[in-house]
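my questions are about this predicted structure, shown below with the sequence.
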Amino acid sequence: MDFFQRYIEFINKNNPFMIHNGISLTKLTKDYAEAEVVTGPDSLNFMGTMHGGLHFTIADVAACAAARSDGINYVTLGGSFDYIRSAGEGKARAVAEVRHRGRTVCRVAVKVLDERDRLLADGNFTMYSLNQPFFKEE
């Protein structure tokens with residue numbers, strides 16, 4: 001099994017916060033990742049739309065995976081995020097692409113899209129390299 005598939009399976013089974021929020025990583029290639037969530041009543045705010053925290057969380061999951069696609073462990077240093085359109089129940093996905101990879105910092109652009117590929121939110125994340133392999137034995 002290659003690193004990408006191994007990472008997807010590992011993170012989907014071992015990240016309690018993702019599991020709790022119904023988020024799964026669905027695609028990972030070099031410098032690119034996608035994550036998705038199927039929203040239900042527990043994912044909505046008091047106005048009946050997808051909670052902004054869930055938009056940000058799915059974007060952060062995808063950004064971190066894209067950064068880690070080089071096999072190194074990263075953590076989020078920061079993120080700037082803009083909300084464009086609201087969405088109700090249904091599927092949303094985050095698409096992340098590395099824009100810059102330095103020795104210690106990785107910049108990732110992310111879009112959150114609804115089922116019809118309409119832009120819900122977008123942003124940029126700055127990831128910090130821990131300079132260690134994601135899987136300890138590598």
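Sure thing, it's come through. Please read all numbers here as calculations on a predicted model, not as lab measurements.

have a look at this protein and report its longest strand.
Of all the segments of type strand in the chain, defined by DSSP state E, the longest one is strand 119-133.

so for that one, what gets flagged as buried?
Residues of strand 119-133 classed as buried: 120-127, 129 (neighbour count, 16 or more other Cβ atoms under 10 Å). Heads up, the C-betas are built off the backbone N, CA and C, glycines and all.

contact partners of stretch 81-95?
With contact meaning Cβ atoms under 8 Å, 6 or more residues apart in numbering, stretch 81-95 is reached by 26, 32-41, 43-44, 47-50, 52, 54-56, 58-59, 61-63, 110-115, 118-123.

and that stretch, end to end?
End-to-end distance of stretch 81-95: 14 Å, with Cα to Cα, to the nearest Å as the criterion.

quick check: buried residues in it?
81, 86-87, 92-95.
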